[in-house]
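**Student:** need a structure here:
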Amino acid sequence: MVKDRSIGGRLFDTFNYIFLGAFALVTFLPFLYVVTSSFSLTPTLFPREFNLDAYIYIFSAPTFTRSLLISIYITVFGTAIQLLLTVLMGYSLSYKHLPGRRLILLGVLFTMVFSGGMIPTYFVVKSVGIMNTLWALMLPSAISAFYLIILKNFFQAIPDELKEAAKIDGCHEVGILFRIILPLSLPALAAFGLFYSVGIWNQYFSAILYITDSSKYPVQVLLRQVIILSQGSIGDSTEIETVPAYAKSIKMAVIVVATLPIMVVYPFLQKHFAKGVLIGSVKG
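**Tutor:** Below is the predicted model:
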C-alpha cells in the first residue's frame, strides 16, 4: 500500500500547481488579448461588444486573400520538397559503406557552424534565376542540416535485417525506402514536416529579400506591414483604401488569421514530437 505523502511533499505539489497555473495564465493572457481585441472595435481584454468588421475588412481586401493563398501554397509544396530532399539525402548517408560519406557529413556539419551569409545567398538565388518567384521562398532552405543529421540517425537505427529481407524478395533501394523505411519513419516525418512548415509559414525576411512584386508577398510580409505602419493600407496602397479608424483591431485580426492554420495543425502532430525527434538524436 502506498503511504500518504508528507505535509512537505503536499505543500510542494500545491506550490508547483499554483506556480505553473499562474505562469500558464500569464502566457495565455497576451494571446487572449489579441483574439478578443480582433472582435472589438476598441482593443481590450474583455470587450463589451462583439464585432466582425475587422475580419470583414481584411478578407474583403484582395491583397490579404492573395497573400494568404500564397502562404498556404508555399507551405504545402515547400514542406513536401524539403521533406523529400531531406529523406533522400538522410537515407543515402545512413549507409555506412557509401563512398565519400564521411566527407559529405563533415560538409553538412560545417554548414551548421558556418554559413555563406545573406549577400552570397542573395547572389546564388539571383544567379540561378529564381529571383522574384515563389521558388526563392522554398529552395534556398530546402534542407536543414540539423534535421538531416537526426533523420539520418533515425534511418540508421532501423535494423538492417529488414533491408536485407526486402532485397532477397527482389525489392530495389527505392522500393525499400518507400515501402519499408518511410512507413516506419512516420513519427519523425510528421515532426520534421511540422518544423519545416512552421518555418516556411513564418518566414518574411526571405520574401523581402527575394520578392519585389507585392502581388507575390506571403501573408507574413503583409502582417509585418500592418503592424509596423500606424497609417496606410494593407499591402499595396493602389489596391485598397486606407485603414479605417479601427486599425488596431485589424492588426489583431491579421495576427489571428496568420497564426490560426499552424495552431489547427499542431495538435494533430504533437504526439509525434518526442518519439520522432528524440529517437534519432541519441546515436551518432
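
**Student:** Give me the pLDDT value at Leu83.
**Tutor:** Looking at Leu83, its pLDDT is 92.

**Student:** Only the buried residues of the host helix or strand of it, if you could.
**Tutor:** Assessed by DSSP states H and E, Leu83 sits inside helix 62-93. For helix 62-93, a neighbour-count test (16 or more other Cβ atoms under 10 Å) marks 63-64, 66-68, 70-71, 74-75, 78-79, 81-83, 86-87, 89-91, 93 as buried. For the C-beta atoms, the positions are set from N, CA and C on the backbone; glycine is no exception.

**Student:** right, and the helix or strand after that helix?
**Tutor:** Per DSSP H and E, the first helix or strand lying C-terminal to helix 62-93 is helix 101-113.

**Student:** where's that next one relative to the chain centroid, distance-wise?
**Tutor:** Put simply, helix 101-113 sits 24 Å off its chain's centre (Cα atoms, centre = their mean, to the nearest Å).

**Student:** which residues sit against that helix?
**Tutor:** Helix 101-113 is touched from outside by Leu93, Tyr95, Leu98, Ala145, Phe146, Leu148, Ile149, with contacts defined as Cβ atoms under 8 Å, 6 or more residues apart in numbering.

**Student:** Any buried residues in it, and which?
**Tutor:** Those would be Leu105, Val108, for helix 101-113 by 16+ other Cβ under 10 Å.

**Student:** Just give the nearest non-adjacent residue to the spatially most central residue of the chain, would you?
**Tutor:** The centroid of the chain falls nearest to Val198 when counting by Cα atoms, centre = their mean (1.0 Å). In space, and not counting its chain neighbours, Val198 is closest to Ile262: 5.7 Å by Cβ to Cβ, 6 or more residues apart in numbering.

**Student:** by contact count, what packs against the helix or strand hosting the one you found?
**Tutor:** Secondary structure from DSSP H and E places Ile262 in helix 247-269. With contacts taken as 3 or more Cβ pairs under 8 Å, 6 or more residues apart in numbering; DSSP states H and E, helix 247-269 sits against helix 7-38, helix 53-60, helix 62-93, helix 186-202, helix 219-228.

**Student:** sorry, back to before: isn't the residue nearest to Val198 right up against Ser197?
**Tutor:** Yes - counting by Cβ atoms under 8 Å, Ile262 touches Ser197, with 7.4 Å between them.

**Student:** The two - which one has more neighbours?
**Tutor:** Ser197 (23 against 14; other Cβ atoms under 10 Å).

**Student:** Let me see the contact set for that one.
**Tutor:** By Cβ under 8 Å, 6+ apart, the residues touching Ser197 are Thr75, Val76, Gly78, Thr79, Ile262, Val265.

**Student:** can you list the domain ranges for this protein.
**Tutor:** What the record gives for the chain is the domain set 7-51, 61-278, from automatic domain parsing.

**Student:** Mean neighbour count, the ones you listed: which tops it?
**Tutor:** Mean neighbours per residue, mean count of other Cβ atoms under 10 Å, is largest over these for domain 61-278, with a mean of 16.

**Student:** Centre of the chain to that one, how far?
**Tutor:** Offset of domain 61-278 from its chain centre (Cα atoms, centre = their mean): 6 Å.

**Student:** which regions of the protein sit below the pLDDT cut-off?
**Tutor:** Confidence mapping of the chain against pLDDT under 70 gives the ranges 1-5, 227-246, 269-284.

**Student:** how much space between Ser115 and Ala145?
**Tutor:** 10 Å (Cβ to Cβ, to the nearest Å).

**Student:** list the residues that contact both of the two?
**Tutor:** Shared contacts of Ser115 and Ala145, defined by Cβ under 8 Å, 6+ apart, are absent.
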